[in-house]
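Visitor: Curious how this folds, go ahead:
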Amino acid sequence: MEFIYPDRAWYTKISEQNEATPFCPHANVHRCPRYYSSLYLLGEAGITTKITPEKINELDEFWEKSELLPVVAEHDTMISGHKSGFSNFCPEVTFDMFGLFAVSLHRYSDEIDKDMVHEQLKKKAHPKDWRWHWQNVEPLHYLKCPIYSQLISKPVIAFRDSSTKNVNQNMNKNSLFIKNNNNLKNFLLDKNAGWKTIKHEFGITKREFGKRLYFINDKFKRNLIFRDVEHAYILASFGFFKPAVILAGGVIEELLRQYLIHKNKSPKKDTFDEYIKCCENNGLLKSAISRLSDSVRQFRNLVHIVKEESRKHTISKATAKGAVSSIFTISNEFQE
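Guide: Numbers count the residues shown, from 1 in each chain. From the prediction side, this is the model:
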């Protein structure tokens, strides 16, 4: 059996091969029940910061309506054996916590087993080998996650209404709206069309996004960001993938620049790469930056025509939509 070390390089390579977003677009407590359960359990176990009781109540009520919660214990996310076993976890969460994308991880049950394996590894081990720390690791890419398969077949936005009637009405309205806007000219004539569909696809309104940009007081600059986010989404939706990536990358770059100014942090140079490094070095946007640093650089690299050596390297719709999604992912972590 092939030995797999499920690090970031392994994960993003699979994403690239499948022309998918580098990381799961549903890796958010409001968009995936397994992601929420994984974060919740880590907090309750004292491994990471706890989610507030108010937020837990809100999310519990939200996901109970989703029809996505497991009904048998074997399918549920859990921690066992004095925090030594992690089962049915979100791989995006295990990477943030342990540096490995895995659905399950289990430490050695006793020192005897651990010492025996370590003796074998001293003789022959892979350059990267999780067996120094774990007895068992089950790698998982989000494209193979059973919860992800359900989420893409039934968008989470459908669960936000309390009644089935409202759900069906909203889904029908959404389908009709998209159908009526297949023509780009008609779409652009509706000044609210972009943010309407952004709300349906990403679950965020223009107003909610604006609240995350509290550190940008210049009204003109805020409006430019709103405009560019909307245009990046429209371009990605209608097949203009490369311009969408360039525009989305520009938005992220400016958001990071403004946020660093707000935090009184000075990068070595005024470049996108240095903004990311400055955030990493100062512990800002820790989760989002660790998730996006590689993918954002990938977006920027794809800007150059020389990088498009073959059809394989041409920017896809998934990459373009991923660039837009990254704007909302990173903005979600801006803190006072």
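
Visitor: Quick check: chain neighbours aside, which residue is closest to His128?
Guide: Not quite, residue 128 is Lys, not His. Sequence neighbours aside, Tyr5 is the residue nearest to Lys128 in space, at 4.1 Å (criterion: C-beta to C-beta, 6 or more residues apart in numbering). Yep, even glycine has a C-beta here, placed from its N, CA and C like the rest.

Visitor: any idea which helix or strand carries the one you found?
Guide: In the assignment (DSSP states H and E), Tyr5 maps to no helix and no strand.

Visitor: same thing with Pro70?
Guide: Assigned by DSSP H and E, Pro70 belongs to neither a helix nor a strand.

Visitor: What degree of burial does it show, as a neighbour count?
Guide: 14 (other C-beta atoms under 10 Å).

Visitor: Phi, psi for it please.
Guide: In terms of degrees, to the nearest 10, the main-chain angles of Pro70 are phi -70, psi 150.

Visitor: Let me see the contact set for the residue nearest to it when sequence neighbours are not counted.
Guide: Take Pro70 and drop its neighbours on the chain: the residue closest to it by C-beta to C-beta, 6+ apart is Asp76, 4.7 Å away. Under the criterion of C-beta atoms under 8 Å, 6 or more residues apart in numbering, the contact list for Asp76 reads 37, 70, 88.

Visitor: Could you check the pLDDT of the second one?
Guide: When you say that, I think you mean Pro70. On pLDDT, Pro70 comes in at 87.

Visitor: mind starting the numbering at 368 from now?
Guide: Yes, from this point I'll number from 368; that puts the last item at Pro437.

Visitor: Distance check, it against Phe582.
Guide: Using C-beta to C-beta, to the nearest Å, we find Pro437 at a distance of 40 Å from Phe582.

Visitor: Same check on Ala560?
Guide: Relative to Phe582, Ala560 is positioned 28 Å away (criterion: C-beta to C-beta).

Visitor: okay, these two: which has more neighbours?
Guide: With neighbours defined as other C-beta under 10 Å, Ala560 and Phe582 compare such that Ala560 has more, 20 against 15.

Visitor: what bits of the stretch 368-517 of the chain have low per-residue confidence?
Guide: Residue ranges of the stretch 368-517 of the chain with pLDDT under 70: 368.

Visitor: ok, Arg589 touching Ile583?
Guide: Yes. Assessed by C-beta atoms under 8 Å, Arg589 is found in contact with Ile583 at 5.4 Å.

Visitor: Among the two, which residue is more densely surrounded?
Guide: Shown here are Arg589 and Ile583; by other C-beta under 10 Å, Ile583 has more neighbours (19 against 15).

Visitor: Assign a three-state SS to that one, would you?
Guide: Classification of Ile583 by DSSP: H, G, I helix; E, B strand; the rest coil places it in coil.

Visitor: mind listing what it touches?
Guide: With C-beta under 8 Å, 6+ apart, Ile583 has these contacts: 589, 592, 625.

Visitor: Go ahead and confirm the second one touches Glu621.
Guide: It stands for Ile592. Yes. Applying C-beta under 8 Å, one finds Ile592 in contact with Glu621, separated by 6.9 Å.
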